[in-house]
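K.L.:
Dropping a prediction and its sequence here:
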Amino acid sequence: MLNVKIYVTGTLKEQYYKDAIAEYKKRLSAYCKFEIIEYKEYKLPENPSEKQIEQALLAEGEKILADISPRAYKIAMCVEGKQLSSEEFAVKLDEIATSNGEVALIIGSSFGLSDALKRACDMRMSVSKMTLTHQMMRVWLVEIIYRCLSISHGGKYHK
């Protein structure tokens, strides 16, 4: 069974996002082992400099990378990443299940991910050229993982 972990900087605040995540987490239990690991966002001043942002992203990235299993296939969720259809991502998750057994999907803070973390990943993936809030991104990612695993298992969820 595929082990899916989402590593995310920041916490969910709104209950409706938490409820959506809980629903998809319940559904995912039929297809995979699923977990979300949250990290506190690095404290920055009101108007941080580029250097301060870079240092924060490096610190956040180091914490995340230290927690990811060496065998995990690492996917950085970032705007410059590749966009996949649901069917294409389903195939990718099937490949990862066979080759690695574990996938680590990484969502950064409001400033994104460090270049070092992106380089350490096996793939960069983008959901859209449009900007989503990080809380919405988390819900979207959990839904698409469910959709893709449903496709792989012949479920009727994807139409």
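P.N.:
Ah, there it is. Numbering: from 1, shown residues only.

K.L.:
Please count neighbours and contacts with C-alpha atoms only from this point.
P.N.:
OK.

K.L.:
then the longest strand along the chain to CSV, C-alphas only?
P.N.:
In the chain, assigned by DSSP state E, the strand with the most residues is strand 73-82. Output of strand 73-82 as CSV, limited to C-alpha atoms (Å, rounded to 0.1, in the frame of the first residue of the first chain):
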residue,chain,number,x,y,z
TYR,A,73,9.8,10.1,-3.9
LYS,A,74,9.9,13.8,-3.2
ILE,A,75,7.6,16.2,-5.1
ALA,A,76,7.9,20.0,-4.6
MET,A,77,4.6,21.8,-5.1
CYS,A,78,5.7,25.0,-6.8
VAL,A,79,4.5,27.3,-9.6
GLU,A,80,7.4,26.5,-12.0
GLY,A,81,6.6,22.8,-11.7
LYS,A,82,5.0,20.5,-14.3
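
K.L.:
just how off-centre is that strand within its chain?
P.N.:
Relative to the centre of its chain, strand 73-82 is centred 8 Å away, using C-alpha atoms, centre = their mean, to the nearest Å.

K.L.:
Going by neighbour count, which residues of the next helix or strand after it are buried?
P.N.:
Moving toward the C-terminus from strand 73-82, the next helix or strand (DSSP states H and E) is helix 86-99. Neighbour-count burial for helix 86-99, with 16 or more other C-alpha atoms under 10 Å as criterion, is recorded at 86, 89-91, 93-94, 96-97.

K.L.:
just checking, what packs against helix 86-99?
P.N.:
strand 102-107, helix 134-152 (3 or more C-alpha pairs under 8 Å, 6 or more residues apart in numbering; DSSP states H and E).

K.L.:
Would you point out which residue is most central in the chain?
P.N.:
Leu105 (3.3 Å; C-alpha atoms, centre = their mean).

K.L.:
quick one: that one from Gly154, how far?
P.N.:
23 Å (C-alpha to C-alpha, to the nearest Å).

K.L.:
ok, now how distant is the nearest residue to Met1 once chain neighbours are set aside from Ile68?
P.N.:
Leaving aside its chain neighbours, Met1 sits nearest to Cys32 (5.5 Å; criterion: C-alpha to C-alpha, 6 or more residues apart in numbering). As judged by C-alpha to C-alpha, Cys32 and Ile68 stand 17 Å apart.
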